[in-house]
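Undergrad: Provided below for reference: sequence and predicted model.
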Protein chains: 2
Amino acid sequence: MAASRKIVILTDGHYSAHAAKTAICVVRYRPEEVVAVLDRTLAGKTCGEVMKVGGEIPFVGSLAEAPEADTLLIGIAPPGGAIPDAWRPIVLEAIARKLTVVSGLHDFLCDDPEFSRAAAEHDVRLVDLRDNRERDVASGRPYDERCLRLHTVANDCSCGKMVTTVEVAEGLARAGVDAAFVATGQTGIMIAGDGCPIDRVIADFVSGAAEKLVLANQHHEVMVVEGQGSLYHPRYSGVTFGLLHGLKPDGLIYCYEMGRSAIDDLKHVVLPPHRHAIEFYERCAAVMHPCRVIGVAVNGQHFSDDEVAAEVDRVGRELGLPACDVIRQGPARLVEAVIALKNQKQKQTTLPT
Amino acid sequence: MAASRKIVILTDGHYSAHAAKTAICVVRYRPEEVVAVLDRTLAGKTCGEVMKVGGEIPFVGSLAEAPEADTLLIGIAPPGGAIPDAWRPIVLEAIARKLTVVSGLHDFLCDDPEFSRAAAEHDVRLVDLRDNRERDVASGRPYDERCLRLHTVANDCSCGKMVTTVEVAEGLARAGVDAAFVATGQTGIMIAGDGCPIDRVIADFVSGAAEKLVLANQHHEVMVVEGQGSLYHPRYSGVTFGLLHGLKPDGLIYCYEMGRSAIDDLKHVVLPPHRHAIEFYERCAAVMHPCRVIGVAVNGQHFSDDEVAAEVDRVGRELGLPACDVIRQGPARLVEAVIALKNQKQKQTTLPT
């Protein structure tokens, strides 16, 4: 995506830290592109106040309050995937104002007769980030082992895989490593400007799509590939498994949210002990390629700094792995672990056989 | 599908026991509906001679030799999914003759401008068995535990999961059990008349589609659900995992083909020992629901009766499980194992808690 976008993010009436994770992540990682967040229930506040990121970026009550905007971004990701009815007039107004409308929902803007008619009339582009034409099975051919493939996984959805992926990739870059953040979901794609909406790919082609991501990025020293879903999620575990097998990662970073003991939207599904989950991820990955978890990303968003620090210490000792909350403490410990694994792989790859 | 179909199966120039598995399965399980197989390289022979099933059903060299046909069925399932160029005139002739054309390929007949134009012109129906509108995530709600959920799995693709599923379901019916064969692939759907083409479902909705299959069939005493792919297949393992988690089976039947030591179309991917594969399937399934492998289906198609009998004995002893080649020996041992599991589950379900 062009760096010159001037984005209004739409969360109108649906803002919550959970529902608006797309909005919050775009504000966190692309603040220079966001001119406002449109939410009548929060108009007058700033992103800094509401999201703890984004500083003075304002919440506004109408598109007219952001006249410089050239893009409207749908900022929530509901399980159903449909645009709320109350948003339809706002989307139509954006189209009439000639804004590009960008959505990561399963229900495509382009498939909506009213939106596509209006877009044609006003010569406006509707961008469905989940739309894809993936139609290739994985070739299964070996990857270039000079590149370290790293992947974030988790015990559940929405516990920080994307944020961890970005933070580790940026941390590696700061440490002088040529590292790529590889996006596999709509929010990551909004931030990175490319990637593959893996959960929207036809099931037969998931590993093939993952393979293409590797082939497109293996000229880097390290690729850090965003995870999707969880092997423990009754809805999305097949996406997670197919992505894992297509990527054939060398190392995994295990993410979890402090205080969560069951699947977020299916409370009767209890989460396993972290040690079991880590062992299971390694086992599943190793079916295709030897792999181990090299670090733990703790998401402590609902706890104090002290509580997070204590949890990070405890879990790091318990699992014998470097751990951190990448937002509170920065990703340094994970970055170190990645560099150590990179050096180890380099040694193995260049050893005489 | 209506029982009155008069099908010509198209394999023209592409017949092999492997490539034409769709054709062979339809001839095996719906011989009363098949009037001919169109393959110029085999014209004059019978299905009995070529396929060892289907008796006197003839191979013919042209559609004109099967004037009573009302349906043309694409009888191969190539990895790429495209209709061979040499078949286009045959498909167009079938349309001109007012035959319904049925395909299970990933490339839809309806998306082909030439075919869809011709179909509109002649008022003919094009049926794409893989086409689906699955757009629901799994609800995750509990199933009716009075129904036993059985599922076939394997160490690789194309080693007899569908055949085993049909044979076990039919064997259960012969034993007086109300059992449903539940199809999850295009060939199974051709045979059963319904089902879900699970590998063509958008990845996010695979478990949801599997859940719908269970909900639609749990009024039976037993459902036997066809497996797809393999947890060990670099291309399709995500499909297998998502289906497994959506179904939450009580029992698995493990299928393999004698003599195969690597993934069929990726020879560098070596297959694991059966004991490991069985343990891994049980482990992966148990993430959602306790489950064990209750029997082994040996596909001995390339071996003699004696060799198959010896393999079945050996593997049954090695794994401590009932085993059989369902085609050579019938499914009786597996049917017995299913009934034993059904009785055991019934006892557990009706126990006072």
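TA: Yes, it's here.

Undergrad: switch to C-alpha atoms for all contacts and neighbour counts from now on
TA: Will do.

Undergrad: Go through chain A and flag its longest helix.
TA: helix A:332-350 (DSSP state H).

Undergrad: what sits up against that helix?
TA: Helix A:332-350 is contacted from outside by A:145-146, A:148, A:150, A:168, A:171-172, A:222, A:251, A:294-297, A:322-324, using Cα atoms under 8 Å, 6 or more residues apart in numbering or on different chains.

Undergrad: Check which residues of stretch A:93-112 are buried.
TA: Buried residues in stretch A:93-112, defined by neighbour count with 16 or more other Cα atoms under 10 Å in any protein chain shown: A:93-95, A:97-110.

Undergrad: Just give me how far that stretch sits from the chain centre.
TA: 21 Å (Cα atoms, centre = their mean, to the nearest Å).

Undergrad: Show me what the mean pLDDT comes to for that stretch.
TA: The average pLDDT within stretch A:93-112 is 96.

Undergrad: mind checking the end-to-end distance for that stretch?
TA: 15 Å (Cα to Cα, to the nearest Å).

Undergrad: Quick one: name the residues of chain A near chain B.
TA: Counting by Cα under 8 Å from any Cα of the partner chain, chain A comes close to chain B at A:79-80, A:136-140, A:198-208, A:232, A:234-243, A:245-246, A:266, A:287-288.

Undergrad: so what's the residue in the stretch 1-150 of chain A that chain B sits nearest to up against?
TA: Residue nearest to chain B within the stretch 1-150 of chain A: residue A:138 (5.3 Å; Cα to the nearest Cα). Neighbouring residues of residue A:138 by Cα under 8 Å, 6+ apart: A:205, A:207-209, A:211, A:246, B:234-235.

Undergrad: Any of those residues buried? List them.
TA: Buried subset of the contacts of residue A:138 (neighbour count, 16+ other Cα under 10 Å): A:205, A:207-209, A:211, A:246, B:234-235.

Undergrad: pLDDT, distance to residue B:187 and secondary structure for those - can I get that in JSON lines?
TA: As requested, the buried ones among the contacts of residue A:138 are exported to JSON lines (pLDDT from 0 to 100; distance: Cα to Cα, whole Å; DSSP: H, G, I helix; E, B strand; the rest coil):
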{"residue": "A:205", "pLDDT": "97", "distance to residue B:187": "19", "secondary structure": "helix"}
{"residue": "A:207", "pLDDT": "98", "distance to residue B:187": "23", "secondary structure": "helix"}
{"residue": "A:208", "pLDDT": "98", "distance to residue B:187": "23", "secondary structure": "helix"}
{"residue": "A:209", "pLDDT": "98", "distance to residue B:187": "25", "secondary structure": "helix"}
{"residue": "A:211", "pLDDT": "98", "distance to residue B:187": "28", "secondary structure": "helix"}
{"residue": "A:246", "pLDDT": "98", "distance to residue B:187": "26", "secondary structure": "helix"}
{"residue": "B:234", "pLDDT": "97", "distance to residue B:187": "22", "secondary structure": "coil"}
{"residue": "B:235", "pLDDT": "97", "distance to residue B:187": "19", "secondary structure": "coil"}
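
Undergrad: Show me the two of those residues that sit farthest apart.
TA: Maximum pairwise distance in those, criterion Cα to Cα, is 12.1 Å, between A:209 and B:234.

Undergrad: what residues are shared contacts of those two?
TA: A:138, A:246.

Undergrad: So residue A:149: helix, strand or coil?
TA: strand (DSSP: H, G, I helix; E, B strand; the rest coil).

Undergrad: Tell me the confidence at it?
TA: Reported pLDDT at residue A:149 in the predicted model: 98.

Undergrad: show me the contacts for the closest residue in space to it that isn't next to it in sequence.
TA: Nearest non-adjacent residue to residue A:149, counting by Cα to Cα, 6 or more residues apart in numbering or on different chains: residue A:249, 4.8 Å away. Counting by Cα under 8 Å, 6+ apart, residue A:249 makes contact with A:148-151, A:285, A:289, A:291.
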